[in-house]
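Visitor: kindly return the folded structure for what I paste below:
(one chain, ligands or ions: 1)
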Amino acid sequence: MTMTETADSTSSPLLELRKVSCRFGARPDIAARIAIAVGAAKPFPIIHALDKVDLTIRKGEVLGLVGESGCGKSTLGRIAAGILPPSAGQVFWKGEDRATLRGSRQRDADLEAQMIFQNPMAALNPRMTVEKLVAEAPGIHGLIKGSTSSYVDDYLAKAGFDPAMKKRLPHQFSGGQRARVNIARALAVQPEFLVCDESVAALDVSIQAQILNLFMDLREQLDLTYLFVSHDLGVVEHISDRVAIMYLGRLIEEAPVAEIFSRPNHPYTQQLLAEVPRIRPGKRRFAAMKGELPSPLNPPKGCHFHPRCPHAHERCRIEVPQKREIAPGHISACHLNDKQAV
Ligand SMILES: Nc1ncnc2c1ncn2[C@@H]1O[C@H](COP(=O)(O)OP(=O)(O)OP(=O)(O)O)[C@@H](O)[C@H]1O
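Guide: Numbers count the residues shown, from 1 in each chain. Coordinates of the predicted model:
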């Protein structure tokens, strides 16, 4: 099966985010609230981590998510995986609003979407053997029908980890092996959707390639769908069917992978993907962007990118650009695409 066959635009949406926003802020205690009310203290700052994000992920596809540090990728990943509720907007899982799910349907949705984090050591309890780590969640949720040992062996083997070593502790393994345990652990609850948040970033380049190939093999074997968050454009280009670009809490461009790398539309994407001196052969890195990413505490009005955009004009400072489909499957939110604006 080719990537295009598994992820064509007619396959059903697995996950849909509609106008999803996420704000973080310290919750003031009663004394602080009184102080704010009488003007003796300033209101607590609110971080606008996500701002009205619309996103659809179709069954079988790999969506790469890129953007500068702090733009909201992990927050989006956590909401997509169902481990963080949005502050506003709706998350539809297989057509059902996640916020309305209860009982076994909620449990199923929780298991069907899993997240694989960057640092496997932090995610693995150092006092539990590999066997216990992999058996824990499927045991709790009654997914193991026969012998626990063979269930664990099966998922360790799927992740390319030798089951003969399952009685050992996580610290006895290399980073690559721990990453495999982490993957086996996620697979053991039989998910359909994996959110990989910088899942290979901490690994050596040769191990990264092995783990990326494992993800691709698992996709075929287990019919998985992925949201793949990465800083590394080489990784994103290699693994994704489609790429979404984030800037300061907003999705500003989405397109099939070949299209975004050959015809980036948004000035931010163009700068992000611009050819830069290669640090390691074969590895594309983010271009050094002019200016700092503005603070999500006080994002610029209009198009968030306007203070750094070489093409910014008056309208960009006032009006939020709407997304437009500029080619089949290629969506961009830039006023330059509106003929009347230029
Ligand atoms: N639990 C939280 N409490 C308060 N602020 C948070 C929390 N989680 C994230 N943020 C803030 O929200 C914004 C987006 O963070 P997020 O981690 O989603 O970005 P990111 O693009 O994944 O960054 P990185 O690539 O560095 O991981 C940042 O300003 C971050 O400091």
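Visitor: going by C-alpha atoms from here, please, whenever you check contacts or count neighbours.
Guide: OK.
Visitor: if we ignore the residues flanking it in sequence, what's nearest the residue nearest the centre of the chain?
Guide: In the chain, the centroid-proximal residue (Cα atoms, centre = their mean) is residue 77; its distance is 3.6 Å. Setting aside the residues directly before and after it, residue 77 is nearest to residue 195 in space (Cα to Cα, 6 or more residues apart in numbering), at 6.2 Å.
Visitor: test my guess that residue 155 contacts residue 184.
Guide: Yes: using Cα atoms under 8 Å, residue 155 is in contact with residue 184, at 5.3 Å.
Visitor: what touches both of the two?
Guide: Shared contacts of residue 155 and residue 184 (Cα atoms under 8 Å, 6 or more residues apart in numbering): residue 134.
Visitor: where exactly do the helices run in the chain?
Guide: For the chain, the helices defined by DSSP state H cover 3-6, 30-37, 73-80, 103-112, 120-123, 130-140, 148-158, 175-187, 205-222, 233-239, 257-262, 267-273, 314-318.
Visitor: give me the residues contacting the last one.
Guide: In this structure, residues lying in contact with helix 314-318 by Cα under 8 Å, 6+ apart are 300-303, 306, 335, 341.
Visitor: now do the third one
Guide: Contacts of helix 73-80 with the rest of the structure, by Cα under 8 Å, 6+ apart, involve 15, 17, 22, 49-50, 65-67, 84-86, 91, 113, 115, 195-197, 227, 229, 246.
Visitor: try it again at 7 Å.
Guide: Contact partners of helix 73-80, identified using Cα atoms under 7 Å, 6 or more residues apart in numbering, comprise 65, 84-86, 195, 197, 229.
Visitor: go on, the fourth one?
Guide: Contacts to helix 103-112, defined as Cα under 7 Å, 6+ apart, come from residues 82, 189-193.
Visitor: let's see it at 8 Å
Guide: With contacts defined as Cα under 8 Å, 6+ apart, helix 103-112 is touched by 81-82, 93, 98, 189-193.
Visitor: now do the longest one
Guide: When contacts are taken as Cα under 8 Å, 6+ apart, the neighbours of helix 205-222 outside the stretch itself are 1, 60, 158-160, 176, 179-180, 192, 200-201, 224-225, 239.
Visitor: most surrounded residue in those residues?
Guide: Within the contacts of helix 205-222, most neighbours by other Cα atoms under 10 Å means residue 179, with 30 neighbours.
Visitor: from the ligand, how far out is that residue?
Guide: The spacing between residue 179 and the ligand, counted by Cα to the nearest ligand atom, to the nearest Å, is 18 Å.
Visitor: could you do residue 304 as well?
Guide: Counting by Cα to the nearest ligand atom - residue 304 and the ligand are separated by 14 Å.
Visitor: what sits against residue 169?
Guide: If a contact means Cα under 8 Å, 6+ apart, then residue 169 has 126-130 as its contacts.
Visitor: again, but for residue 237
Guide: 257-258, 261.
Visitor: thought residue 267 was touching residue 309?
Guide: Yes: the pair residue 267 and residue 309 qualifies as a contact (Cα under 8 Å) at a distance of 6.6 Å.
Visitor: between these two, who's got more neighbours?
Guide: Comparing residue 267 with residue 309 by neighbour count (other Cα under 10 Å), the higher total belongs to residue 267, at 20 against 17.
Visitor: can you count the residues close to residue 103?
Guide: Residues near residue 103, counting by other Cα under 10 Å, number 7.
Visitor: and the stretch 51-200 of the chain, which residues reach the ligand?
Guide: When proximity is defined as Cα under 6 Å from any ligand atom, the stretch 51-200 of the chain approaches the ligand at 69-75.
Visitor: in PyMOL, select just the buried ones from the residues you listed.
Guide: Typed into PyMOL, the line below selects the buried ones among these, using 16 or more other Cα atoms under 10 Å:
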select buried, resi 70+71+72+73+74+75
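Visitor: just send the residues of the stretch 51-200 of the chain next to the ligand back as TSV, with distance to residue 43 and pLDDT too.
Guide: Listed next are these as TSV, based on distance: Cα to Cα, whole Å; pLDDT from 0 to 100:
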residue	distance to residue 43	pLDDT
69	26	87
70	22	88
71	23	91
72	23	94
73	26	94
74	26	94
75	23	96
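Visitor: cool, thanks, signing off.
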